[in-house]
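Chemist: sequence and computational prediction follow.
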Amino acid sequence: MILLSAKDAVKFTAFVLSVPLLVPMLDASGLKLIQTKVALAQPLSILNSDVHFKSGDLEQINGELSLFLLGNLVDLIKQDPELKSSISGNSKLILPVMTDFISAATKLLKLCGQFVKSKATNKTRFHPVLQWYSGPILDVPAEFHNKLAESLSFLWSRPFVTAVFADLLEFGFPAPVSVKPVKRTQFFSKLGFKEDGAVLDDRECTLMSVSCLQMCSFFYQLGRVVLNSTQQIYTSLSWTPTLIPRLWRLLNVAGPQGGFTTSGLQLFLKSSKNPSKEPLMPIFNTFCESCCILFTTLDDDDIYEKQFPFLLDELVQLSSFLNSFCFGAIWNADNNTTSLADEEGTEFDGSTIDSAQRLLRILYDQSTRRPFGENAENWIMKEVQRGAIVEDVKNGEKRAIQILNQLPQCIPFAHRVDIFRHMVKADKQTIGDLPLVITVRRGIILEDGFRQLGKITLSQLKQTIKVRFVNELGLVEAGIDQNGVFKEFLEDMCKAAFASDFGLFRTTDDGNCVPSLSSSIHDDHLQLLEFVGRIFGKALYEGIVIDIPFATFIYAKMLGRLNYFEDLPSLDRQLYKNLLFLKHYEGDAEDLDLNFTIDENVFGQLKSKEIKPGGSAITVTNENKYEYIHIMSDYRLNQECKAQFRALVGGFRSIMPERYIRFFSPRELQTLMSGENVDFDVSDLRRHTRYEGGYFDGHATIRAFWQVIEEMEAKEKNAFLKFVTSCSNPPVGGFRHLEPQFTIRFVAAISSDDNDSRPGTQFGKALGSFFGVGKDATRLPTASTCFNVLKLPAYQKKSSLKAKLLYAIKSGAGFELS
């Protein structure tokens with residue numbers, strides 16, 4: 001082989017290899033000529049040397065041109081027999097030329113990346129590969145960009161990723177000492193751990209860290225430059241078996257003092273204030289970005305039972321580390337004052353903090369559904385554990401607001417609820433209060449409410465709304481509006497909206513309500529859904545706790561988050577089980593005869609729809625089954641009823657903007673709207689109870705009543721609460737936040753066997769029952785749930801009171817409007 005001279009090789013690299021799609025357009029003879037005259041190592045060596053860039057020999061290599069040059073290098077690698085065999089065979093890439101290629105590719109990506117922007121500006125234009133681009137544009141046909149993207153996709157293909165990380169994928173890490181020695185050998189081998197007692201020396205850690213740093217720096221640049229494919233790049237990394245947990249274990253032992261210690265984590269914690277100064281940060285960034293995607297495909301069986309790909313102890317450690325890392329990045333930053341109302345969440349400079357926070361949120365949300373261990377996660381940071389953080393936020397202290405918006409789990413839930421209520425109260429003070437009176441007919445409460453409230457301004461909807469009900473006879477009902485009638489209006493609106501025969505929502509097999517794909521039977525279905533969303537926002541705005549039968553994944557949507565595989569059971573449990581079966585299927589997935597389509601039932605007709613372009617012709621295989629699971633879950637949860645969810649959530653957030661609620665998790669938002677699912681404190685309810693009709697706290701019947709409530713089991717207490725308030729859960733923060741206040745009203749316990757209806761006689765018996773004279777009657781306690789009122793006769797015996805009260809609760813007796 002007669003190679004080009006050094007001078008000619010520079011010219012060849014600058015003016016020939018940079019020709020767009022040169023290699024794909026060459027015929028066999030042309031390709032052979034290049035392979036004969038130019039060794040791949042020559043242009044790689046030239047590109048890796050700063051001399052030629054400083055001298056101006058390669059000054060034209062930047063922007064889009066550098067990306068086309070990279071595309072040609074990729075195609076040359078694919079045509080090199082030795083490299084092609086090494087990659088396809090998944091063997092170690094010990095060839096120096098591959099190390100040189102990764103370095104050269106990283107430099108070319110940086111040269112292009114200086115012109116790539118994440119958002120459109122007046123200096124950018126849309127680029128089909130890079131998205132928003134401000135650099136020089138080459139005059140090439142449109143299809144060139146499609147072919148360039150196809151060439152570059154090789155860089156995140158499974159064979160290439162597996163090959164460049166081959167050393168890490170075969171590396172053995174010391175096993176955590178805290179793990180119980182149950183089936184350690186086989187299990188730990190699968191996870192990539194060495195046998196018990198194995199220790200790494202500093203040299204092993206250093207060499208592996210340097211090797212992975214180079215690869216992760218390359219993928220970091222690739223992800224931030226080829227923005228149209230960023231998701232696919234990190235998806236490929238996340239689905240490479242055991243790669244992501246191995247990156248985490250490497251982070252533990254990285255640095256000068258590896259082995260059993262977690263010196264690597266201490267290294268990153270110290271750098272949290274300024275991540276860009278830590279040389280190993282690209283490894284951490286690649287781990288966080290990929291791990292976020294990896295968790296979208298994990299189910300509870302993977303996480304808690306199989307403990308694969310992470311041990312539970314590792315997840316506890318990872319959660320604690322990320323919490324401390326992200327907190328330190330904010331807490332150690334400069335402190336300035338800002339406005340709570342205008343704060344939309346400050347992003348840190350650099351994507352590392354952002355990706356770490358996203359992964360931390362995923363772990364926190366997962367742990368709120370099911371903890372990683374008993375008392376394993378302590379999210380609260382001592383610096384903000386005191387109530388002073390609430391005052392700091394109210395006073396506009398920038399650091400406190402950043403912690404609230406970006407790391408809310410560090411602040412106790414009760415403090416965040418106080419902040420939320422403060423924000424609502426402050427908003428109410430800005431809009432005033434001009435009560436609006438509406439009249440609704442009980443038979444068509446949703447339609448009447450929509451007609452009168454659907455077109456008023458948001459400011460008007462936030463003010464007091466007084467409701468007058470018209471019964472079936474056309475008569476206006478009597479009602480004392482202490483927010484009680486409005487509460488009943490909200491509850492009846494919910495029942496009407498969720499009714500299956502109305503068609504706006506449908507009920508899942510688990511009894512959850514979700515927007516219906518067939519809601520379009522109503523011409524104004526999107527406006528109706530938006531109105532329902534506003535009504536739910538209004539309930540939260542007024543602090544009215546109501547039972548909402550939403551599927552749990554909808555609360556994530558209200559917070560502006562997408563839903564993933566683990567959210568699927570609350571929508572379609574059977575599909576979730578089917579996808580789980582596919583995920584764990586050990587045979588050939590092609591035997592299941594699946595493709596990338598879904599059957600939709602629209603108005604009783606099954607229609608097949610592709611969930612991926614050309615999906616009807618794409619068979620589900622062992623290689624793409626995770627993609628199928630991800631796309632199928634995304635379609636059902638996020639795409640199928642996209643317009644309906646946009647309307648519902650948009651209506652809700654028009655009353656409850658994101659800045660009011662973004663510091664809650666989906667489970668916490670559900671708790672805020674529907675109350676705490678706890679065995680409530682009876683003494684707290686008693687302290688916040690008012691009495692009417694002559695009752696007082698020391699009355700004999702009232703004392704007996706509270707004794708009966710205290711002795712109830714948890715389920716009976718919740719049933720009692722539902723009986724008197726229509727919601728089985730207490731409000732967050734205790735009953736001082738119950739709206740309207742819980743009231744016990746005296747009613748006469750007239751004996752049912754007394755037929756003397758003379759007014760004097762009836763009054764006398766009522767007076768006697770109040771003072772405990774006479775015998776117990778058969779009248780049951782009743783409730784006005786709209787006012788949170790219990791109407792309680794003055795029973796003389798505790799046993800009678802208990803029996804009557806439990807019977808009334810179980811039979812749902814006596815729901816009345818006062």
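Modeler: Good, I have the coordinates. Not measured: the values here are computed from a predicted model.
Chemist: helix or strand with the lowest mean pLDDT in this protein?
Modeler: Every helix and strand of the chain was ranked by mean pLDDT, DSSP states H and E. The lowest is helix 184-191, at a mean of 47.
Chemist: could you point out which element follows that one?
Modeler: helix 202-225 (DSSP states H and E).
Chemist: can you give me the helices for the stretch 501-650 of the chain?
Modeler: 525-542, 553-558, 573-584, 625-634, 642-655 (DSSP state H, counting those that start in this stretch).
Chemist: quick check: which element contains Val437?
Modeler: Using DSSP H and E, Val437 sits in strand 436-441.
Chemist: restricting to C-alpha, output that strand in PDB.
Modeler: Taking C-alpha atoms only, strand 436-441 is exported to PDB below (Å, rounded to 0.1, in the frame of the first residue of the first chain):
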ATOM      1  CA  LEU A 436     -71.700  35.300  41.200                       C
ATOM      2  CA  VAL A 437     -75.100  33.600  41.500                       C
ATOM      3  CA  ILE A 438     -76.100  30.800  39.200                       C
ATOM      4  CA  THR A 439     -79.200  28.700  39.000                       C
ATOM      5  CA  VAL A 440     -79.000  25.000  38.000                       C
ATOM      6  CA  ARG A 441     -81.500  22.300  37.400                       C
END
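Chemist: buried residues in that strand?
Modeler: Within strand 436-441, the residues that count as buried by 16 or more other Cβ atoms under 10 Å are 438, 440. Backbone N, C-alpha and C define where each C-beta goes, glycine included.
Chemist: who are the packing partners of the helix or strand just after that strand?
Modeler: Note on strand 436-441: by DSSP H and E, the next helix or strand toward the C-terminus is helix 445-453. Using 3 or more Cβ pairs under 8 Å, 6 or more residues apart in numbering; DSSP states H and E as the contact test, the elements touching helix 445-453 are strand 436-441, helix 484-498, helix 525-542.
Chemist: among the ones you listed, which gets the worst mean confidence?
Modeler: The weakest mean pLDDT among the helices and strands packed on helix 445-453 belongs to helix 484-498, with a mean of 85.
Chemist: what sits up against that helix?
Modeler: Here helix 484-498 makes contact (Cβ atoms under 8 Å, 6 or more residues apart in numbering) with 440, 442, 445-446, 449, 465-469, 479, 502, 504-505, 507, 513, 528, 532, 535, 538-539, 542, 544, 546, 548-549, 726, 739-740, 784-789, 817-818.
Chemist: list the contacts for the residue nearest to the spatial centre of the chain?
Modeler: With distances taken as Cα atoms, centre = their mean, Arg561 lies nearest the centre of the chain, 4.9 Å away. By Cβ under 8 Å, 6+ apart, the contact set of Arg561 is Pro666.
Chemist: what's the pLDDT at it?
Modeler: pLDDT at Arg561 comes out at 90.
Chemist: hang on, the earlier thing: adding distance to Glu383 and mean neighbour count, write the helices of the stretch 501-650 of the chain out as TSV.
Modeler: Below are those laid out as TSV (distance: least, Cβ to Cβ, whole Å; neighbours: other Cβ atoms under 10 Å):
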stretch	distance to Glu383	mean neighbour count
helix 525-542	30	22
helix 553-558	28	24
helix 573-584	40	15
helix 625-634	38	20
helix 642-655	31	20
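Chemist: nearest to Ser518, of those helices?
Modeler: In terms of Cβ to Cβ, the element of the helices of the stretch 501-650 of the chain nearest to Ser518 is helix 525-542, at 9.2 Å.
Chemist: what is the burial count for the residue lying closest to Ala254 once chain neighbours are set aside?
Modeler: Spatial nearest neighbour of Ala254, excluding adjacent residues (Cβ to Cβ, 6 or more residues apart in numbering): Gly264 at 3.6 Å. Gly264 is flanked by 25 other residues according to other Cβ atoms under 10 Å.
Chemist: relative to Glu739, how far out is Gly264?
Modeler: 51 Å (Cβ to Cβ, to the nearest Å).
Chemist: ok, now Pro43?
Modeler: 73 Å.
Chemist: these two - which one has more neighbours?
Modeler: Of the pair Pro43 and Glu739, Pro43 is the one with more neighbours under other Cβ under 10 Å, namely 25 against 17.
Chemist: for that one, give me its contacts.
Modeler: Going by Cβ under 8 Å, 6+ apart, the list of residues near Pro43 reads 9, 12-13, 17, 73, 104.
Chemist: surely it is in a strand?
Modeler: No - counting by DSSP: H, G, I helix; E, B strand; the rest coil, Pro43 is not part of a strand but helix.
Chemist: can I get the strand or helix carrying Ser683 as CSV, trimmed to CA atoms?
Modeler: Here Ser683 is covered by helix 682-687, with elements defined by DSSP H and E. Output of helix 682-687 as CSV, limited to C-alpha atoms (Å, rounded to 0.1, in the frame of the first residue of the first chain):
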residue,chain,number,x,y,z
VAL,A,682,-60.3,12.2,66.2
SER,A,683,-59.1,14.8,68.7
ASP,A,684,-58.2,17.1,65.8
LEU,A,685,-61.7,16.7,64.4
ARG,A,686,-63.2,17.4,67.8
ARG,A,687,-61.1,20.6,68.2
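Chemist: just list what that helix packs against, helices and strands only.
Modeler: Using 3+ Cβ pairs under 8 Å, 6+ apart as the contact definition, the elements that helix 682-687 packs against are helix 700-711.
Chemist: buried sites along the helix it packs on?
Modeler: 701-702, 704-706, 708-709.
Chemist: low-confidence stretches in the stretch 701-818 of the chain?
Modeler: For the stretch 701-818 of the chain, applying pLDDT under 70 flags the ranges 749-777, 812-818.
Chemist: what ranges does it have for its strands?
Modeler: 742-747, 782-784, 789-793 (DSSP state E, counting those that start in this stretch).
Chemist: how about Glu586, phi and psi?
Modeler: phi -90, psi -10 (degrees, to the nearest 10).
Chemist: tell me the pLDDT of it.
Modeler: 93.
Chemist: from Glu627, how far out is it?
Modeler: Distance from Glu586 to Glu627, by Cβ to Cβ: 18 Å.
Chemist: same check on Asn332?
Modeler: On the measure of Cβ to Cβ, Asn332 and Glu627 end up 40 Å apart.
Chemist: now do Glu289
Modeler: For Glu289, the distance to Glu627 - Cβ to Cβ - is 17 Å.
Chemist: ok, Ala142 - how many residues close by?
Modeler: With other Cβ under 10 Å as criterion, Ala142 counts 7.
Chemist: list the contacts of it.
Modeler: Pro128.
Chemist: same question for Gln214.
Modeler: Taking Cβ under 8 Å, 6+ apart as the test, what Gln214 contacts is 99, 102-103, 106.
Chemist: do Phe553 as well
Modeler: 563, 567-568, 570-571, 637, 666.
Chemist: list only those of the residues you listed flagged as buried.
Modeler: Here, 16+ other Cβ under 10 Å leaves 563, 567-568, 570-571, 637, 666 buried among those.
Chemist: mind putting those in JSON lines, distance to Ser209 included?
Modeler: Compiled in JSON lines, those are given as follows (distance: Cβ to Cβ, whole Å):
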{"residue": "Asn563", "distance to Ser209": "36"}
{"residue": "Asp567", "distance to Ser209": "36"}
{"residue": "Leu568", "distance to Ser209": "38"}
{"residue": "Ser570", "distance to Ser209": "42"}
{"residue": "Leu571", "distance to Ser209": "43"}
{"residue": "Leu637", "distance to Ser209": "39"}
{"residue": "Pro666", "distance to Ser209": "37"}
